[in-house]
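# Fold the following for me, if possible:
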Amino acid sequence: MSRIAAWFQERIPVSGADLRELTNEPVPNHLKRWWFALGGTPAYLFVVQIATGILLAVYYQPSSASAYQSVRYISEEAAYGWFIRSVHKWGATLMIAAVILHQMRVYFTGAYRKPREINWMVGMCILLCTLVLGFTGYSLVFEQLSYWGATVGANIAASVPLVGGPMKEMLLGGETYNEHTLSRFFVLHAAVLPVLLVLLLAIHIAIIRIQGVTEFHFEGDDEKTARGHFNFVPDHLMTELTLGLVLMVLLSVLATALPAHLGPQADPLSTPEVIKPEWFFYVAFRWLKLFSGTVAVLSTGFIVFVMFVWPFIDAWIRRHTRFSEASVWIGMFGVLAIVALTIWEAAVEH
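The predicted model follows:
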């Protein structure tokens, strides 16, 4: 073993001490609380999505003539196909929920403030990329609801002034849903968006390493606890691995108890009485029903823009008004509105 170690040491002159110094960046004590370390949860789930997605791609055929039958084969005939598909579906649900919760935690703790404005905007890009991944993945099944959901989504994109028409044609591969549409969704879902998400995560983590983690102090903590740190390796890494095991158990239970079902095949000639997207788009769907198409799209775009530049808006509010924590109340109102619209859309049939 010593000869093998010497062989590697000669060719890769990095010692164990060097590796420990590289990885053992001190981590603030408040990250022992899980809700302050939510970033690792969607990262783990993203790895699960990549692994299960590769397995599903072995059998999936991205064409309108064969997509539904390939999903049926995965669900009913391929060994453990139903389980892999169900883990993929629940992994997507939990990943989107985790990214949303992480963004909310950053917002309500003010961790987006100077000098972390850029990383907040990178986080917003990660959130949008994750949502589009969910949309394209949902559309690949070629069920009746996913087909019409994709059609409605393309029509919504067409409502955007100036660029709406080209966006719809680029998404669908034509004026309407056609034989080229699913292949485009598949390329987006399996190649373009995952690569983009990996790049965004790399930038996100690099900025965190450069700036350091935002440190928080809590009432009741003594000075040693408040200012203390612990090693990333092995302490924080073991915590993340434990959390990963818990998530794997949770995914397995959900996949077994509530497996992904397969609805009726898409029928372009039959419009369903009820068209509903996945839960993470309920709020947008309800918003579109409350206002006309262009108004709803423009207002949604404005809200997303405000969320992107919120660190600068918040800085202006804190500098020019006496409402230094106005962001908390605005955030609470926004969360309540999102929850209310989501429940409303979930509760009604049309």
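
# C-alpha only now, for contacts and for neighbours.
OK.

# Show me what whichever strand or helix holds R286 is packed against.
Assigned by DSSP states H and E, R286 belongs to helix 282-290. Helix 282-290 is packed against helix 293-308, helix 326-347, with contacts defined by 3 or more CA pairs under 8 Å, 6 or more residues apart in numbering; DSSP states H and E.

# now those helices as TSV including mean neighbour count and mean pLDDT?
Listed next are these as TSV, based on neighbours: other CA atoms under 10 Å; pLDDT from 0 to 100:
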stretch	mean neighbour count	mean pLDDT
helix 293-308	15	90
helix 326-347	14	94
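
# so which of those helices gets nearest V152?
helix 293-308 (11.2 Å; CA to CA).

# CA atoms only for that closest one - export them in PDB, please.
This file holds the C-alpha atoms of helix 293-308, laid out as PDB (Å, rounded to 0.1, in the frame of the first residue of the first chain):
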ATOM      1  CA  GLY A 293     -53.700  37.100 -21.100                       C
ATOM      2  CA  THR A 294     -51.400  40.100 -21.800                       C
ATOM      3  CA  VAL A 295     -52.100  41.800 -18.500                       C
ATOM      4  CA  ALA A 296     -51.400  38.600 -16.600                       C
ATOM      5  CA  VAL A 297     -48.200  37.900 -18.500                       C
ATOM      6  CA  LEU A 298     -46.900  41.400 -18.200                       C
ATOM      7  CA  SER A 299     -47.700  41.600 -14.500                       C
ATOM      8  CA  THR A 300     -46.100  38.200 -13.900                       C
ATOM      9  CA  GLY A 301     -43.000  39.400 -15.700                       C
ATOM     10  CA  PHE A 302     -42.900  42.500 -13.600                       C
ATOM     11  CA  ILE A 303     -43.200  40.500 -10.400                       C
ATOM     12  CA  VAL A 304     -40.300  38.300 -11.400                       C
ATOM     13  CA  PHE A 305     -38.300  41.400 -12.400                       C
ATOM     14  CA  VAL A 306     -38.900  42.900  -8.900                       C
ATOM     15  CA  MET A 307     -37.800  39.700  -7.300                       C
ATOM     16  CA  PHE A 308     -34.600  39.700  -9.300                       C
END
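
# List of residues touching that helix?
Residues from elsewhere that reach helix 293-308 (CA atoms under 8 Å, 6 or more residues apart in numbering): 120-121, 124, 156, 159-161, 284, 287-288, 290.

# ranges for the helices of the stretch 1-150 of the chain?
2-11, 16-23, 40-57, 67-76, 81-108, 117-139, 144-158 (DSSP state H, counting those that start in this stretch).

# again, but for the stretch 151-300 of the chain
Using DSSP H, counting those that start in this stretch, the helices of the stretch 151-300 of the chain run over 164-172, 181-187, 193-211, 223-227, 237-257, 282-290, 293-308.

# Okay, L341 and I74: tell me how far apart.
Going from L341 to I74 by CA to CA, to the nearest Å gives 35 Å.

# Q49 now?
Taken as CA to CA, the span from Q49 to I74 is 16 Å.

# Pull the distance from stretch 244-259 to the chain's centre.
Relative to the chain's own centre, stretch 244-259 is displaced by 18 Å; criterion: CA atoms, centre = their mean, to the nearest Å.

# Show me which positions of that stretch end up buried.
244, 247-248, 251-252, 254-255, 259 (16 or more other CA atoms under 10 Å).

# That'll do, ta.
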